[in-house]
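> Can you look at this prediction? I've put the sequence above it.
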Amino acid sequence: MGSAPVLKSLAEPDPGHSHDAAAGRPTRVQAEAAVRTLLLWAGDDPDREGLLGTPDRVVRSSGEFFAGYGVDPVGLLQRTFEETDGYDEMVVLRNIRFESYCEHHMVPIIGRAHVGYLPRHRVVGISKLARVVEAYAKRLQIQEKMSSRIANTIEQVLQPLGVAVVIEGEHQCMSTRGVHKPGVSMVTSRMLGAFQADPTTRREFLAMIGGPDRG
Ligand SMILES: Nc1nc2c(ncn2[C@@H]2O[C@H](COP(=O)(O)OP(=O)(O)OP(=O)(O)O)[C@@H](O)[C@H]2O)c(=O)[nH]1
Ligand SMILES: [Zn+2]
């Protein structure tokens, strides 16, 4: 048994991102001023009644949207269980709904993640896999990176025989603006270990996540 999930300060840099420490993190007042600037730029009046509380609300919402920067995904996987009576088949968590944010446009990517791994000696509480998805989803990124980072973290901490991550996401930067194509899903997958080396293992995983009761 390991330690409990580690919650880091939201001010700490995301380990996978470059971060200008010297520049520091803007204050809340500065963040609210930026929202006010955007409202003015959009052509509205930030001093009218309906918008007066908006900078505060947007900054608070951003705290929720980007809460993943304050979570250490490695810490989430520290508590494992070895008493599995020899269970050595794959464990799959499918249809993990997530909301993420496109790093190009800062608009939502909404979708489902499917995560599988082949345990070696120990298993992890299944909620922790969903928590790892959540920790990475609540950041700015592209979907390819989210897929890789989830898989790499599970591999690094659990050292299983293999890890598989498939993500389906609808990008609002494609559905509500730009090319305007609603209903399009981007599908990415990251296969490591046995899932990459052994087509049978990979097929078994893909069959498990593509079952008839999915949706
Ligand atoms: N590969 C990848 N591309 C993404 C993802 N999210 C958004 N994009 C794309 O990133 C690209 C950014 O292209 P740019 O030409 O710099 O931006 P843009 O002018 O806003 O492009 P349009 O969206 O085509 O209007 C767009 O093609 C987006 O569809 C993602 O998760 N992965
Ligand atoms: Zn985008």
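The structure has been received and is ready for your questions. Numbering: from 1, shown residues only. Ligands and ions are numbered 1, 2, ... in the order given.
> Lowest-scoring secondary structure element of the chain by mean pLDDT?
strand 80-81 (a mean of 90; mean pLDDT, DSSP states H and E).
> partner strands of the very next helix or strand once past it, parallel or antiparallel?
Secondary structure here is assigned by DSSP states H and E; on that basis, the next helix or strand after strand 80-81 toward the C-terminus is strand 91-102. In the sheet, strand 91-102 lines up against strand 108-118 (antiparallel), strand 140-141 (parallel) (DSSP bridges).
> report the angle between the axes of the very next helix or strand once past the last one and strand 108-118?
Looking back up the chat, that one is strand 140-141. On the C-terminal side of strand 140-141, the nearest following helix or strand under DSSP H and E is helix 143-158. The directions of helix 143-158 and strand 108-118 differ by 30 degrees, with axes from the mean of the first three to the mean of the last three Cα atoms, to 10 degrees as the criterion.
> Spell out whether the next helix or strand along the chain from helix 143-158 and ligand 2 are in contact.
On the C-terminal side of helix 143-158, the closest following helix or strand by DSSP H and E is strand 162-171. No. With Cβ under 5 Å from the ion as the criterion, ligand 2 is not reached by strand 162-171; the gap is at least 5.6 Å. Heads up, the C-betas are built off the backbone N, CA and C, glycines and all.
> other SSEs contacting strand 162-171?
Taking 3 or more Cβ pairs under 8 Å, 6 or more residues apart in numbering; DSSP states H and E as the contact definition, the neighbouring helices and strands of strand 162-171 are strand 91-102, strand 108-118, helix 143-158, strand 186-193, helix 194-197, helix 199-209.
> Apart from its neighbours in sequence, what residue is nearest residue 192?
The spatial neighbour of residue 192 that comes closest, neighbours along the chain excluded (Cβ to Cβ, 6 or more residues apart in numbering), is residue 163 at 4.5 Å.
> could you list every residue that touches residue 198?
Residues touching residue 198, when contacts are defined by Cβ atoms under 8 Å, 6 or more residues apart in numbering, comprise residue 162.
> ok, which residues in this structure are in contact with ligand 1?
For the chain, the residues in contact with ligand 1 (Cβ under 6 Å from any ligand atom) are 102, 104, 142, 143, 144, 171, 173, 174, 178, 179.
> For ligand 2, see how far away residue 155 is.
In this structure, residue 155 lies at 28 Å from ligand 2, with Cβ to the ion, to the nearest Å as the measure.
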